[in-house]
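Asker: Model the structure of this input:
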Amino acid sequence: MASKPQRLFVEQRLETLGEIELDQAQAHYLITVLRCKAGEGVLLFNGEDGEWRGSLAALAKKKARVKLIEQTRPQAKGPDLHYLFAPLKRARLDYMAQKATEMGASVLCPVITRRTIAERVNLERLRANAIEAAEQCGILRIPEIRKPESLDDLLAAWDPARLLVFADEGAEVTSPLAARAGDKPGQLAILIGPEGGFEDEERSLLRKQPFVRIISLGPRLLRADTAAVAALTLANAVLGDWK
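Answerer: Purely as a prediction, here's the structure:
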């Protein structure tokens, strides 16, 4: 049985009968690791022009070109869903970026809180993990990666048209579905705090904002990377594109 064609994210525009030169890392992976040959098929996407089927047209030691043949899927817009998170340690941050991408996040934004442990974020690594997740799970876009900002600055510049869902273990309504029942789909953001949780002053500040909604993620305390998956699942099921 023939293997599935490799999917690759590229920066270039994709159009009929065009040719794309892959970067050195992609060429090395196809030629040296996968041992692909000229004429083999690949799938390309760039987050704007849908997914395209192509054929490896020219291979060299560190170079590979793809001849585009046809569009296999039109571009999907996806949910307008921002994921805001207190940075985690390296391996768990990698996992979080991958899962948030798979769950349809359109923006990944690190937020510095008072209890944030890892304040320095490698944005290139964050983007690389998002790209890898998109390539593997079949989605057609990668999230925008934003620079870290403090919680205070984030809230001060917030667009009130975007609903900010804040996961808080102290939420009065313990059922997350009941807490979101009255909201309508639209611009949405999810905020997950640091491992030690938000300080009381931060929680109070969040609760005062008219654009903030409080949810519980159930009766158990979740690790931050687990909370990311739980909160994004809830957002997609209640307010996102799973409805």
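Asker: how does the chain divide up, domain by domain?
Answerer: Domain assignment for the chain, taken from automatic domain parsing, gives 6-73, 81-238.
Asker: how far does the last one sit from the chain's center?
Answerer: So the one you mean is domain 81-238. 11 Å (Cα atoms, centre = their mean, to the nearest Å).
Asker: heads up, I number from 19, so please use that
Answerer: Sure, I'll start numbering at 19, so the last one becomes domain 99-256.
Asker: Lowest average pLDDT across the domains of the chain?
Answerer: Among the domains of the chain, domain 99-256 carries the lowest mean pLDDT, at a mean of 84.
Asker: Now do it: distance from first to last residue.
Answerer: 13 Å (Cα to Cα, to the nearest Å).
Asker: For the residue nearest the centre of the chain, give me its contacts.
Answerer: Centroid check for the chain by Cα atoms, centre = their mean gives Thr119 as the closest residue, at 2.6 Å. Applying Cβ atoms under 8 Å, 6 or more residues apart in numbering to Thr119 gives the contacts Leu126, Asn147, Ala148, Ala151, Ala152, Cys155, Ile157, Ile160, Pro161. Yep, even glycine has a C-beta here, placed from its N, CA and C like the rest.
Asker: distance of the closest residue to Glu66 other than its chain neighbours from Leu158?
Answerer: With Cβ to Cβ, 6 or more residues apart in numbering as the criterion, Glu66 has its nearest non-adjacent residue at 6.2 Å, and that residue is Gln93. Gln93 is 6 Å from Leu158, where distance means Cβ to Cβ, to the nearest Å.
Asker: One more: Trp176?
Answerer: Between Trp176 and Leu158 the computed distance is 28 Å (Cβ to Cβ).
Asker: and the residue nearest to the centre of the chain, how far is that from Lys107?
Answerer: 19 Å.
Asker: Let me see the ranges of the helices in the protein.
Answerer: Using DSSP state H, the helices of the chain run over residues 42-46, 108-120, 141-155, 169-174, 194-197, 218-226, 242-256.
Asker: Including distance to Leu182, could these go into JSON lines?
Answerer: Converted to JSON lines, the helices of the chain look like this (distance: least, Cβ to Cβ, whole Å):
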{"stretch": "helix 42-46", "distance to Leu182": "37"}
{"stretch": "helix 108-120", "distance to Leu182": "16"}
{"stretch": "helix 141-155", "distance to Leu182": "21"}
{"stretch": "helix 169-174", "distance to Leu182": "8"}
{"stretch": "helix 194-197", "distance to Leu182": "14"}
{"stretch": "helix 218-226", "distance to Leu182": "8"}
{"stretch": "helix 242-256", "distance to Leu182": "11"}
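Asker: I'd like to know which of those helices lies nearest to Gly36.
Answerer: helix 42-46 (16.5 Å; Cβ to Cβ).
Asker: rewinding a little: so among the contacts of Thr119, which ones count as buried?
Answerer: Listed as buried from those are Leu126, Asn147, Ala148, Ala151, Ala152, Ile157, Ile160, Pro161; burial here means 16 or more other Cβ atoms under 10 Å.
Asker: Name the nearest of the residues you listed relative to Arg25.
Answerer: For those, the closest approach to Arg25 (Cβ to Cβ) belongs to Ala152, at 8.2 Å.
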